[in-house]
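>>> Structure for this input, please:
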Amino acid sequence: MRIAPSEITPESVYLDRRRLLTGGAALLAGGLARADDDKPTSWDVITSYNNFYEYSPDKHAVAELAKNLRPRPWAVTIEGEVARPRTLDVDELAREFGVQQRIYRLRCVEGWSMVIPWDGFPLAELLKQAQPTSRARYVKFVTLHDPARFYGQRRPTLPWPYTEGLTIAEAMHPLTLLATGLYGKALPPQNGAPLRLVVPWKYGYKSIKSIVAIRLQEEQPATTWAQAAPGDYGFWANVNPRVALARGTQSRENRVGELRKRETLLFNGYAEQVAHLYAGMDVDKLR
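Sure, this is the predicted structure:
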């Protein structure tokens, strides 16, 4: 199943379109089942229903609380097992690597989903420029640790700062995106401004927000949710309707804004593009 991305237009026009434009980028971006069935979630919903524990576990409170984020200036460090470590301003990243538009499904382990038009650039472009060494087997991501801004970090709800990780192969996959915006606009604070990871075939908690460090390393990183609740949140986090987690079945999902639940797809519908990453592995045993 492939997404058919279009050039991002104003939201009012975007949502009125009954068929997204096809083209060469569609093969890269993966796919929506059909444009008529998988219409993009509205800006208002995407920006008002947010998991961002650095602020609050209350999804509806995050947008108001996150107004204090101040996402400029913002530096991102590329470090570890690379020949060219760097520290870049987030706007310098955007200028250097450009901006692409990708329409991806987002599936939360809590059972809800959205369809989001992201702006950003492939993580692989940044990593290639950093020149990973032969010992770089994993990529670790770190969120800003600043309890003065992130009210939730004043409580031991999770081990702070928030960290996530991918294998080097997952990180280099062309679907893996560093997002700088959505719907053609700058990424709002509540959605992880100014830079977040988007890995569309994995549960949403892998898409770490407000990144300040990307570290390539030999050992598998200990990620935040895998430490806090390993029964629900493992390192791999591939969307798999066949695997029930501690919270229950993952076979169906509620697309935010819809009344009826829909079937969850293996790898969130991106199996054709990413299944080869797990060749020889039993994907039903990965958590």
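
>>> ok, G120 - how many residues close by?
A count of nearby residues for G120, using other Cβ atoms under 10 Å, gives 24. The way it works is simple: take the backbone N, C-alpha and C, and place the C-beta from them, glycine included.

>>> Look up which residues are beta-bridged to it.
Beta-bridge partners recorded for G120 (DSSP bridges): Q100, A179.

>>> ok, now which ones touch it?
By Cβ atoms under 8 Å, 6 or more residues apart in numbering, the contact set of G120 is 99-100, 102, 177-181, 198.

>>> pretty sure T41 contacts N191?
No: under the criterion of Cβ atoms under 8 Å, T41 makes no contact with N191, lying 11.8 Å away.

>>> picking that back up, redo the contacts of G120 as JSON lines? Include neighbour count and pLDDT.
As requested, the contacts of G120 are arranged in JSON lines below (neighbours: other Cβ atoms under 10 Å; pLDDT from 0 to 100):
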{"residue": "V99", "neighbour count": "15", "pLDDT": "96"}
{"residue": "Q100", "neighbour count": "17", "pLDDT": "97"}
{"residue": "R102", "neighbour count": "25", "pLDDT": "97"}
{"residue": "L177", "neighbour count": "24", "pLDDT": "98"}
{"residue": "L178", "neighbour count": "24", "pLDDT": "98"}
{"residue": "A179", "neighbour count": "25", "pLDDT": "98"}
{"residue": "T180", "neighbour count": "22", "pLDDT": "98"}
{"residue": "G181", "neighbour count": "20", "pLDDT": "98"}
{"residue": "V198", "neighbour count": "23", "pLDDT": "98"}
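
>>> The closest residue to E164 other than its chain neighbours in helix, strand or coil?
Ranked by Cβ to Cβ, 6 or more residues apart in numbering and with sequence neighbours excluded, the top spatial neighbour of E164 is I208, at 4.1 Å. Under DSSP: H, G, I helix; E, B strand; the rest coil, I208 falls in the coil class.

>>> Likewise for the one 4 residues further on?
Following three-state DSSP, V212 is assigned to strand.

>>> For it, give its distance to L178.
Spatial separation of V212 from L178 under the definition Cβ to Cβ, to the nearest Å is 13 Å.
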